[in-house]
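Chemist: need coordinates for the following:
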Amino acid sequence: MIDGWPDPPVTIAPLLTAGRIGGELIAADERGVHRSDDGGASWRKVAMYPSAPDHLRGLALPVSG
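Modeler: Predicted structure coming up:
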């Protein structure tokens, strides 16, 4: 088990993207959006959905200047 990642393992494939700084990863699964600041060694939930989605198609992050 990965520290902070929801258990049991996901039922739909998670989406993953790199963040803006080294070691930052953002992932989404049916439980919400999760963030890691240490390259995936540990995770914390940063957003939840009103209800679990049946599928995920993409993960978009805002870009700041």
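Chemist: what stretches of this structure score poorly on pLDDT?
Modeler: 1-2, 6-13, 63-65 (pLDDT under 70).
Chemist: which SSE is the residue nearest the centre of it in?
Modeler: The residue lying closest to the centre of the chain (CA atoms, centre = their mean) is residue 27, at 2.1 Å. Taking DSSP states H and E as the definition, residue 27 sits inside strand 25-29.
Chemist: for stretch 43-57, which positions count as buried?
Modeler: Neighbour counts over stretch 43-57 (16 or more other CB atoms under 10 Å) mark residue 43 as buried. Using the backbone N, CA and C atoms, a C-beta is placed for each residue, glycine as well.
Chemist: just the terminal-to-terminal distance for that stretch.
Modeler: 21 Å (CA to CA, to the nearest Å).
Chemist: does the closest residue to residue 39 other than its chain neighbours count as helix, strand or coil?
Modeler: Setting aside the residues directly before and after it, residue 39 is nearest to residue 23 in space (CB to CB, 6 or more residues apart in numbering), at 4.6 Å. Classification of residue 23 by DSSP: H, G, I helix; E, B strand; the rest coil places it in coil.
Chemist: can you tell me how far residue 23 sits from residue 17?
Modeler: As judged by CB to CB, to the nearest Å, residue 23 and residue 17 stand 13 Å apart.
Chemist: do residue 37 as well
Modeler: Taking CB to CB, one finds residue 37 at 14 Å from residue 17.
Chemist: equivalent analysis for residue 29, please.
Modeler: The gap separating residue 29 from residue 17 is 13 Å, by CB to CB.
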